[in-house]
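**Q** pasting the sequence and the predicted coordinates here, then a few questions.
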Amino acid sequence: MMPNLTFKDLLSMRMPLLVLGIVILLSASLIKYTSSQHAAAEVDRVAQAGALEDARSRFQRSGDERELILRYLPDYQKLQQSGFVGSERRIEWIEALRASNKKAGLFGVTYQMDVRKPFPLLGQGNPIAPSLRHSPMKLSMGLVHEGDLLRFLQLLSAQPIGIYFLTGCTIDRPTRADAPAPRHANLTAQCDMSWLTVDTSGKTGS
């Protein structure tokens, strides 16, 4: 059976009830604050864990990239030295033509060279296609016989002047009444070729 509380009893309990209410409010606020701090700490922990994993991945990639660079750097430097990687070396190409002509014992070589442009014979999916360029060139030379052309091209390939792509050659015999002579230009050869280079400037044009 519940006791009967008088007004005087309620007045005497006012202060303890007020204190109890304040304690309850403070406790609820503290619980809410602690919960929010825990959530923030968890978010921070997840972010730090992600940053650490990203740093580990970048460190791993840097190690892999360094290994690749060290592995292929000598070959890359050789391609640079040969003239395949970098800018055009037109003077060196022309000197190589003249040197090959002289070694082959021919009668001189004339040439016409176009501007450098994207190489059209690679598909767009090829990773080197955006950087590969070619400088078209037309050659004309006199030959004693057909074998002179093959010897000239072999000598040209042996020159340390990069890579060229031979499109095709035609050989014409001038109309003449006398028999072919051993030390005369009995034939005329015309060749279409392209000097290939990899443009490292990052430009999309020539």
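**A** Looks like it came in fine.
**Q** now the helices: where do they sit in this structure?
**A** Ranges of helices in the chain, per DSSP state H, are 7-12, 14-82, 90-104, 147-157.
**Q** looking at these, which has the lowest confidence?
**A** Mean pLDDT is lowest for helix 7-12 among the helices of the chain, at a mean of 56.
**Q** bridged to residue 134, which residues?
**A** residue 117, residue 196 (DSSP bridges).
**Q** so residue 152 touches residue 104, yeah?
**A** Yes. Residue 152 lies in contact with residue 104 (CB atoms under 8 Å); the separation is 4.4 Å. Using the backbone N, CA and C atoms, a C-beta is placed for each residue, glycine as well.
**Q** how is this structure divided into domains?
**A** Using automatic domain parsing, the domains assigned to the chain come out as 7-82, 90-198.
**Q** count the residues that sit near residue 137.
**A** Residues lying near residue 137 (other CB atoms under 10 Å) number 20.
**Q** ok, it touching residue 195?
**A** Yes. If you go by CB under 8 Å, residue 137 and residue 195 touch, sitting 6.6 Å apart.
**Q** give me the common contacts of the two.
**A** Here residue 137 and residue 195 share the contacting residues residue 93, scored by CB atoms under 8 Å, 6 or more residues apart in numbering.
**Q** if I look at residue 78, how far off is residue 44?
**A** Distance, residue 78 to residue 44, by CB to CB, to the nearest Å: 51 Å.
**Q** check contacts around residue 148.
**A** Residue 148 makes contacts with 104-106, 187, 189, as judged by CB under 8 Å, 6+ apart.
**Q** please spell out the ChimeraX selection for the buried subset of those residues.
**A** Here is the ChimeraX command that selects only those of these that count as buried (16 or more other CB atoms under 10 Å):
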select :104,106,187,189
